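Asker: Any chance you can model this:
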Amino acid sequence: MANRIQSDTFRNFEIFIVLWVVYLALSYAMRLGFWLLGLVVFPRRRKLGTPL
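Answerer: Numbering: from 1, shown residues only. Purely as a prediction, here's the structure:
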């Protein structure tokens, strides 16, 4: 996809910067989503620092 846009607009650097920002935003959003899902699905059963 990036190569097609690059061949149409001749803006190499800007296209890949935008794709990099989109990739980072999506990866951080998924990381946050999976972390929240993990908190809901796997709740802590005991507090840290207490004996088993």
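Asker: so where's the chain uncertain?
Answerer: 1-2, 9-10, 46-47, 49-52 (pLDDT under 70).
Asker: Mind doing that once more with 90?
Answerer: Applying pLDDT under 90 to the chain flags residues 1-19, 39, 42-52.
Asker: What are the boundaries of the helices in it?
Answerer: Ranges of helices in the chain, per DSSP state H, are 2-9, 12-41.
Asker: Show residues contacting the shortest one.
Answerer: Contact partners of helix 2-9, identified using C-beta atoms under 8 Å, 6 or more residues apart in numbering, comprise 11-12, 15-16, 19. All C-beta spots, glycine's among them, are computed from the backbone N, C-alpha and C.
Asker: For Pro43, state which of those residues is nearest.
Answerer: Leu19 (37.4 Å; C-beta to C-beta).
Asker: Dead centre of the chain: give me the residue that sits there.
Answerer: Nearest to the mean C-alpha position of the chain, by C-alpha atoms, centre = their mean, lies Ser27 at 1.2 Å.
Asker: do you know how far it is from Gln6?
Answerer: Separation of Ser27 from Gln6 (C-beta to C-beta, to the nearest Å): 22 Å.
Asker: Quick check on the contacts of helix 2-9: which are buried?
Answerer: Ile15 (16 or more other C-beta atoms under 10 Å).
Asker: now the contacts of helix 2-9 in JSON lines, with distance to Leu39?
Answerer: Converted to JSON lines, the contacts of helix 2-9 look like this (distance: C-beta to C-beta, whole Å):
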{"residue": "Arg11", "distance to Leu39": "42"}
{"residue": "Asn12", "distance to Leu39": "41"}
{"residue": "Ile15", "distance to Leu39": "37"}
{"residue": "Phe16", "distance to Leu39": "35"}
{"residue": "Leu19", "distance to Leu39": "31"}
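Asker: need the helices of the chain in a markdown table with distance to Leu48, can you?
Answerer: Listed next are the helices of the chain as a markdown table, based on distance: least, C-beta to C-beta, whole Å:
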| stretch | distance to Leu48 |
| --- | --- |
| helix 2-9 | 45 |
| helix 12-41 | 15 |
